[in-house]
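Trainee: Mind looking at a prediction? Sequence and model below.
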Amino acid sequence: MVRCKDNSLYTGFTTDLLHRLQIHNQGKGAKYTRARRPVHLVWYQEFLTEHDARSLEAQIKNWKKKEKEKLVATFQEGTL
């Protein structure tokens, strides 16, 4: 999950987190983030399967911002 310049949160899936962040910040990522750069990583979780990752992504995308902010608040950034 990234925080956009306008303080909104964008949730997505990737197999290469660092590359995806670069793509978003170059304006080549999701249409949503293109006009809201720069974006900053505020939460991520690694999964063993793409299915599990996409399942949680879908759930989070249906959450209200307040719920997403609670998740972000629990995040301890580690090494990528």
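Mentor: Sure, I can see it. Residues are numbered from 1 along each chain as shown.
Trainee: Tell me the buried residues in stretch 69-78?
Mentor: residue 71 (16 or more other Cβ atoms under 10 Å). Any C-beta I mention is one placed from the backbone N, CA and C, and that applies to glycine too.
Trainee: distance of residue 35 from residue 8?
Mentor: 11 Å (Cβ to Cβ, to the nearest Å).
Trainee: Looking only at neighbour counts, state which of the two leads.
Mentor: Neighbours were counted for residue 35 and for residue 8 using other Cβ atoms under 10 Å; residue 8 has more, 14 against 10.
Trainee: Which residue is the nearest non-sequential neighbour of residue 8?
Mentor: residue 36 (6.4 Å; Cβ to Cβ, 6 or more residues apart in numbering).
Trainee: Just the residues contacting stretch 31-43, thanks.
Mentor: 1-6, 8-10, 17, 21, 24-25, 27-28, 71-72, 75, 77 (Cβ atoms under 8 Å, 6 or more residues apart in numbering).
Trainee: same deal with stretch 9-16?
Mentor: Against stretch 9-16 from outside (Cβ under 8 Å, 6+ apart): 1-4, 20, 24, 30, 32-33, 36, 39, 42, 50, 53-54, 57, 60-61, 65, 68-69, 72.
Trainee: residue ranges for the strands of this protein, please.
Mentor: Using DSSP state E, the strands found in the chain span residues 2-3, 9-10, 40-41.
Trainee: Mind putting the ones you listed into CSV with mean pLDDT?
Mentor: Shown next, in CSV, are these (pLDDT from 0 to 100):
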stretch, mean pLDDT
strand 2-3, 98
strand 9-10, 98
strand 40-41, 97
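Trainee: Just name the most buried of those.
Mentor: strand 2-3 (a mean of 22; mean count of other Cβ atoms under 10 Å).
Trainee: who does it pair up with?
Mentor: strand 9-10 (antiparallel), strand 40-41 (antiparallel) (DSSP bridges).
Trainee: starting at the chain centroid, how far to that strand?
Mentor: Counting by Cα atoms, centre = their mean, to the nearest Å, strand 2-3 is centred 6 Å from the centre of its parent chain.
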